[in-house]
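Undergrad: using only what follows, build the 3D model:
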Amino acid sequence: MAKIQVQGIGVYDDKTLKKKIIQLASDLQKNAKKGEWSKASENGIRALGRMWGAYQDWSMQNESINEGPDADLGKKLKQIQNQIYKLGHQYKSKANVPAMMRSFMLGVQNQLKKDKLTEKIKNTETGFKWKQIPKSGTINFGKYGKYVILSKNNHRVSGKFVSGPQKGKKVTWYSREGQKDARKRKGMSISDTPAFPKTMVKEAMLNERITKAFMVHPTDPSQTERHWVDRFEELADGHGPIIDYGPRESDIYDWNDRRNYKKAIEEYNKYMNKIADGLNKQLNLMNNIWRVWSKISDKYRKIDKS
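TA: Residues are numbered from 1 along each chain as shown. Okay, here's the model as predicted:
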């Protein structure tokens with residue numbers, strides 16, 4: 001059974017914690033219906049909330065397909081897999097089994113791609129190995145929402161959900177190496193070092209360049225304004241799926257000599273200052289947009305005599 005840490009309360013196995021949550025929620029509902037408000041306290045409700053949150057986090061990490069059409073398909077595919085194994089052993093001494101199996105698997109893979117029966121993972125090789133989780137970008141967890149990566153190293157990936165039921169919540173997942181290190185060196189519990197839920201990834205998107213450049217509409221200034229506002233809103237997302245500003249909080253740590261980190265930031269700031277200088281020049285031009293239009297408008301009003 002899995003052990004789940006509930007902050008400030010204790011450690012439970014998953015079945016006991018689920019049972020306790022159901023019991024507490026049921027008691028709370030009964031007391032509310034009867035109007036027996038004194039039987040529930042603020043601390044008790046807060047404890048229920050923490051238990052609920054801890055179980056929800058654990059459930060998200062450990063969700064598996066165990067019912068419905070997916071389970072039925074899984075069983076049938078398992079049967080076919082076993083038949084392939086048997087065939088391989090039957091022809092082991094009669095044919096070049098490794099070569100035939102490789103050819104067969106490539107054929108299946110190509111046919112699945114052709115028929116669009118495989119999930120598409122954008123901008124990653126497979127999306128399921130720790131080293132292939134992007135250092136920045138957005139991960140789509142389907143019904144659980146989209147998760148923006150804030151930092152990632154060999155041990156952990158940290159980020160925040162920007163949509164779905166956990167919107168606004170920061171979550172950190174650990175690699176196998178990270179779990180071992182955190183549990184052995186830092187004494188962290190199993191529930192405090194959850195593994196990355198690889199099987200739940202629907203789509204992983206690397207940070208991309210802004211694909212829509214700033215454009216000027218040939219006849220309608222209001223459309224120009226709307227278009228520019230959209231571009232600025234994209235830029236305002238910070239560490240989002242469009243602009244990656246580089247350093248993360250995790251980059252502060254694990255330096256043998258802090259002076260090297262300081263030098264790295266100094267060099268980074270030189271590049272950022274070039275960008276800032278260019279942007280400030282453009283801001284000066286933008287602050288004069290209304291003045292330029294006023295002069296142009298007056299000029300052609302005189303010509304038009306209106």
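Undergrad: toward the C-terminus, what is the element adjacent to the helix or strand of the chain with the lowest mean pLDDT?
TA: Counting by mean pLDDT, DSSP states H and E, the chain has its least confident helix or strand at strand 203-206, which shows a mean of 61. Downstream of strand 203-206, the first helix or strand assigned by DSSP states H and E is helix 221-235.
Undergrad: distance from that next one to the middle of the chain?
TA: Mean-position distance between helix 221-235 and its chain equals 27 Å (CA atoms, centre = their mean, to the nearest Å).
Undergrad: same check, this time on stretch 193-201
TA: 11 Å.
Undergrad: and if you look at stretch 263-275?
TA: A distance of 28 Å separates the C-alpha centroid of stretch 263-275 from that of its chain, computed with CA atoms, centre = their mean.
Undergrad: same check, this time on stretch 226-239
TA: Chain-centre distance of stretch 226-239: 21 Å, with CA atoms, centre = their mean.
Undergrad: then stretch 73-87?
TA: The answer for stretch 73-87 is 33 Å, by CA atoms, centre = their mean.
Undergrad: would you indicate which residues of it are buried?
TA: Buried residues in stretch 73-87, counted by 16 or more other CB atoms under 10 Å: none are found. Quick note: C-beta positions are derived from backbone N, CA and C, even for glycine.
Undergrad: now it: average pLDDT?
TA: Mean pLDDT, stretch 73-87: 76.
Undergrad: doesn't Q5 make contact with D192?
TA: Yes: the pair D192 and Q5 qualifies as a contact (CB atoms under 8 Å) at a distance of 5.7 Å.
Undergrad: what segments of this structure are helices?
TA: Using DSSP state H, the helices of the chain run over 14-34, 42-62, 68-90, 97-114, 176-185, 221-235, 258-287, 289-304.
Undergrad: of these, which is nearest S163?
TA: Among these, helix 42-62 comes nearest to S163, with 14.6 Å by CB to CB.
Undergrad: what packs against that closest one?
TA: Applying 3 or more CB pairs under 8 Å, 6 or more residues apart in numbering; DSSP states H and E, one finds that helix 42-62 contacts strand 3-6, helix 14-34.
Undergrad: at 10 Å what do you get?
TA: strand 3-6, strand 10-13, helix 14-34, strand 170-174 (3 or more CB pairs under 10 Å, 6 or more residues apart in numbering; DSSP states H and E).
Undergrad: what's the closest of the helices of the chain to I133?
TA: helix 176-185 (12.0 Å).
Undergrad: relative orientation of the closest one and strand 170-174 in degrees?
TA: 90 degrees (axes from the mean of the first three to the mean of the last three CA atoms, to 10 degrees).
Undergrad: chain center to helix 176-185: distance?
TA: 22 Å.
Undergrad: still on that earlier bit, dump the helices and strands packed on helix 42-62 to CSV, plus distance to H89, mean pLDDT and mean neighbour count.
TA: Below are the helices and strands packed on helix 42-62 laid out as CSV (distance: least, CB to CB, whole Å; pLDDT from 0 to 100; neighbours: other CB atoms under 10 Å):
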stretch, distance to H89, mean pLDDT, mean neighbour count
strand 3-6, 40, 80, 19
strand 10-13, 40, 82, 15
helix 14-34, 39, 83, 13
strand 170-174, 39, 91, 18
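Undergrad: mind giving me TSV with these and columns for distance to N284?
TA: TSV is the format used below for those (distance: least, CB to CB, whole Å):
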stretch	distance to N284
strand 3-6	54
strand 10-13	60
helix 14-34	59
strand 170-174	38
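Undergrad: of all these, which lies closest to D251?
TA: Taking CB to CB, strand 170-174 is the member of the helices and strands packed on helix 42-62 nearest to D251, at 15.5 Å.
Undergrad: tell me the angle the closest one makes with helix 42-62.
TA: 50 degrees.
Undergrad: could you say what helices and strands strand 170-174 packs with?
TA: So strand 170-174, by 3+ CB pairs under 10 Å, 6+ apart, packs with helix 42-62, strand 146-152, strand 156-161, helix 176-185.
Undergrad: how distant is that strand from the center of its chain?
TA: For strand 170-174, the gap between its own C-alpha mean and the chain's C-alpha mean amounts to 10 Å (CA atoms, centre = their mean).
Undergrad: which one of the helices and strands packed on strand 170-174 lies closest to N31?
TA: Checking those against N31 by CB to CB gives helix 42-62 as the closest, at 10.1 Å.
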